[in-house]
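Undergrad: kindly return the folded structure for what I paste below:
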Amino acid sequence: MFSFSSIAIFATLAFSAVTSAIPFAESERTAFTDVAPRADNAQDTFASIFNDAQTQLVPFTNQLKFATKQNATVEGLTAPVNGIKGVLTSTTTRLHGLAGHPIEAILLSLDGTVVLTVHEVAKIVSSVIILVFEALGAVQILLAGGLVPSVLVLLVGVGQLVGTLLQAVDLVVGAVFIDLFVVLVPLLGTVVGIIRGLGITLLIALLGL
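TA: Alright, predicted model coming up:
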């Protein structure tokens, strides 16, 4: 039987191969022609933080997506769940570190040439939310009526941390993009049902679900 880590490696490679960027109209952007590309040791930006988060989350979320009924137990799920929670917590901490910096610097794109629009920010945030909740939903579907309370607690704990992350997003860019959550919700698609099904009250309240 394949282990979690073996399956996750194959799935991570597949994920990397199909991921692509979605273009946005230039009229939505503010261009910075004199800004150099972001160096590896440059200050965090919104885009760089979420890019790192998505990369770090994939191995752990894949372990949940490819779980089996035999290993979808508290013992089997605790390690990947803790991995996801660790990434979400560190991402939230990094976002709080952006507070007080110029918004133009916070919202620079990964290559440092343009300022992100509200639609691009929403797309970035939705990608992480979808990644996490598709993994939680996979476990929920796998166990169906056999979802024991101890496993449910693990899943809900992850969901609540996504809510905390979203609060940090609102803290950092909410004053600039007051309609961010309005733009975000339609991008979440089917994971809205997973959020509701798990009863993630913080997210339900923040997003008005």
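
Undergrad: could you pull out the helices in this protein for me?
TA: 4-18, 46-65, 74-96, 103-106, 118-143, 149-173, 180-184, 191-198, 201-207 (DSSP state H).

Undergrad: will you turn those into TSV that also has mean neighbour count, distance to residue 112 and mean pLDDT?
TA: C-beta coordinates here come from the backbone N, C-alpha and C atoms, glycine included. Putting these into TSV (neighbours: other Cβ atoms under 10 Å; distance: least, Cβ to Cβ, whole Å; pLDDT from 0 to 100) gives the following:
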stretch	mean neighbour count	distance to residue 112	mean pLDDT
helix 4-18	13	23	41
helix 46-65	21	9	95
helix 74-96	17	17	95
helix 103-106	16	10	94
helix 118-143	20	14	95
helix 149-173	18	17	95
helix 180-184	18	22	96
helix 191-198	18	31	94
helix 201-207	17	30	93
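
Undergrad: which residues touch the closest residue to residue 168 other than its chain neighbours?
TA: Distance criterion Cβ to Cβ, 6 or more residues apart in numbering; nearest residue to residue 168, sequence neighbours excluded, is residue 95 at 4.1 Å. Residue 95 is in contact with 46, 49, 165, 168, 169, 171, 172, counting by Cβ atoms under 8 Å, 6 or more residues apart in numbering.
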